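> Give me coordinates for this.
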Amino acid sequence: MFSNSLIELDRAHLVHPVASYRSHENLGVRVLASASGATITDASGKQLIDGFAGLWCVNAGYGHDSIVEAAARQMRELPYATAYFGLGSEPAIRLAAELAERAPGDLNHVYFTLGGSDAVDSTIRFIRYYWNARGRPGKDQFISVEQGYHGSSTVGAGLTALPAFHAGFGLPFDWQHKIPSHYAYRNPAGPDPEAIIAASVAALKQKIEELGGADRVAAFYAEPIQGSGGVLVPPRGWMKAMRDLCRDLDILFVADEVITAFGRTGPLFACSQDEIVPDFLTVAKGLTSGYVPMGALFMSEHVYQTIADGAGTSAVGHGYTYSAHPVSAAVGLEVLRLYEGGLLENGRKAGARLMAGLESLKDHPLVGDVRGRGMLAAVELVVDKERKTPLPADAEPARRIFDRAWNNGLVIRAFTHGVLGYAPPLCCTEAEIDAIVERTRQTLDETLADTDVRRALMG
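Presented below is the predicted three-dimensional model:
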């Protein structure tokens, strides 16, 4: 009765993100009741391994009492403090300092947001201010990468390059442009890493020329690994090549690490693996392990100083009520302590085991590609390995595979084009990683038995 009443209340009142409203009304909500470690429990008592860490975010895992205590202690002492009027709180100041100390290169200045989307939006505002401060207002065009994701806010969603985030919304804006993804499995340049890198560099140069040259282009945005586009992993050296080109042409480079930061690919920041220092870096999700909302952007030294000098004694007119929220900052400090107290190391070991386990699925008739880095991975399904033919749309890969995995005790991301996404908590044990792989194989076997899938497989 408890669960049924919640289902009806949900149907009547709660608008879900990125959902077909009519389909959701028909199917009803699955109510989550509790969680611990890497395990979640629904309202019926069913337990599942959360192979997606909520929404790529519960990196530390569920149920850490020390995080709860850090939040409660801060709520009792100072539940809110504005960062306006020159005011601040100790947790926010200390978190900014701790993050800046660990960030790549000279990313010394931290602006806190509520999440990843408004962190990206904030970069757009700061970038425009930066070029105006440098007396170059004509640099007003922005470029991102197809199949990339940079949030679903009004402006950031235009940098996102996924059809569902544009359709019906009048996006992208005419100053937002795209170049093709590096998507190694399906790249027209073929699988050779150097060819893929060369193709992307050429595409960016061409797009810059189409827009009137580097004097018109303000910034280029890229994820170290494209998350919502299907966990697309660029060749080693891709980020560095793109960053070097932007530096040579005096175009700001924004690394979107909303998904990849805080141990998701191994270290605190994926950019350190790519050996680059961007002009801006955005984070969220793992910053607080999803326990409370918070995001941030890092500014490099030259960006901060240019904006500060440009404003002089005037205020830089950008701010959020909940920027540098003390409770979120207190949680962020404790989560950082847990990462460095063993979770990052466990995540590296678990990530190696996850990748090895998923690689073992390559012999399955439906598995075309396995890719990933650390605790961020994907399995791409096909019905013809030689031609790389995707699962047929009428097989409803997203709905059916998610449902089957759920029934098998596993939560994964099932994309509409037949890609399975994985982003388990860093706390996963060896047994939990093995269970993720085994439950995936079981789900694939059940999908293989579908009449429409078998028909497509046979040509």
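> for the chain, which spans come out with low pLDDT?
1-3 (pLDDT under 70).
> OK, contacts around the residue nearest the centre of it?
Using C-alpha atoms, centre = their mean, the residue of the chain that lies closest to the mean C-alpha position is I259, 2.8 Å off. Contacts of I259 were listed using C-beta atoms under 8 Å, 6 or more residues apart in numbering, and they are W56, E223, I225, G227, K285, L376, A423. Heads up, the C-betas are built off the backbone N, CA and C, glycines and all.
> neighbour-wise, which of the residues you listed leads?
A423 (31 neighbours; other C-beta atoms under 10 Å).
> could you list every residue that touches that one?
The contact partners of A423, by C-beta under 8 Å, 6+ apart, come to G51, F52, A53, W56, I259, R264, M375, L376, A377, R413.
> same thing but at 6 Å, please
Taking C-beta atoms under 6 Å, 6 or more residues apart in numbering as the contact definition, A423 lies against F52, A53, W56, L376.
> Surely the second one touches P425?
Read it as A53. Yes: A contact is recorded between A53 and P425 when judged using C-beta atoms under 6 Å, the distance being 4.9 Å.
> quick one, which of the two is more surrounded?
Taking neighbours as other C-beta under 10 Å, A53 and P425 compare with P425 leading, 31 against 28.
> so which strand or helix has the more buried one?
With secondary structure defined by DSSP states H and E, P425 is part of neither a helix nor a strand.
> That one and I67: what is the separation?
In this structure, P425 and I67 are 13 Å apart, going by C-beta to C-beta, to the nearest Å.
> Over to A202?
Distance, A202 to I67, by C-beta to C-beta: 46 Å.
> what bridges to the closest residue in space to G459 that isn't next to it in sequence?
Residue nearest to G459 in three dimensions, not counting chain neighbours: D384, with 7.4 Å by C-beta to C-beta, 6 or more residues apart in numbering. For D384, the beta-bridge partners under DSSP bridges are T389.
> the domain parsing of this structure - what is it?
Per the record's domain assignment (the TED database), the chain is made up of the domains 31-63+342-458, 66-341.
> What number of residues are in the vicinity of the spatially closest residue to G319 that is not a sequence neighbour?
Nearest-residue entry for G319: Y84, 6.4 Å, with adjacent residues in sequence omitted and distances by C-beta to C-beta, 6+ apart. Counted with other C-beta under 10 Å, residues neighbouring Y84 total 13.
> who are the neighbours of the helix or strand harbouring F402, in terms of helices and strands?
Using DSSP H and E, the secondary-structure element containing F402 is helix 397-407. Based on contacts counted as 3 or more C-beta pairs under 6 Å, 6 or more residues apart in numbering; DSSP states H and E, the elements that helix 397-407 packs against are strand 413-414, helix 430-448.
> how near is the residue nearest to G319 to L95?
Remark: distance between Y84 and L95 (C-beta to C-beta) = 18 Å.
> just A330 next, same as before
Here A330 is placed at a distance of 8 Å from L95 (C-beta to C-beta).
> can you dump the C-alpha coordinates of the helix or strand where R73 lies into PDB?
For R73, the enclosing helix or strand under DSSP H and E is helix 65-77. What follows is the C-alpha trace of helix 65-77 in PDB, where atoms were taken according to Å, rounded to 0.1, in the frame of the first residue of the first chain:
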ATOM      1  CA  ASP A  65      28.300   7.900   8.500                       C
ATOM      2  CA  SER A  66      31.200  10.300   8.500                       C
ATOM      3  CA  ILE A  67      29.700  12.200   5.600                       C
ATOM      4  CA  VAL A  68      26.300  12.300   7.300                       C
ATOM      5  CA  GLU A  69      28.000  13.600  10.500                       C
ATOM      6  CA  ALA A  70      29.900  16.300   8.700                       C
ATOM      7  CA  ALA A  71      26.700  17.600   7.200                       C
ATOM      8  CA  ALA A  72      24.800  17.400  10.500                       C
ATOM      9  CA  ARG A  73      27.600  19.100  12.400                       C
ATOM     10  CA  GLN A  74      27.700  22.000   9.900                       C
ATOM     11  CA  MET A  75      23.900  22.300   9.900                       C
ATOM     12  CA  ARG A  76      24.000  22.700  13.700                       C
ATOM     13  CA  GLU A  77      26.800  25.200  13.600                       C
END
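> Now do the buried residues in that helix.
Taking 16 or more other C-beta atoms under 10 Å as the neighbour-count basis, helix 65-77 is seen to contain the buried residues I67, A70, A71, Q74.
> Most widely separated two among those residues?
Greatest spatial distance in the buried residues of helix 65-77: I67 and Q74, 11.1 Å, computed using C-beta to C-beta.
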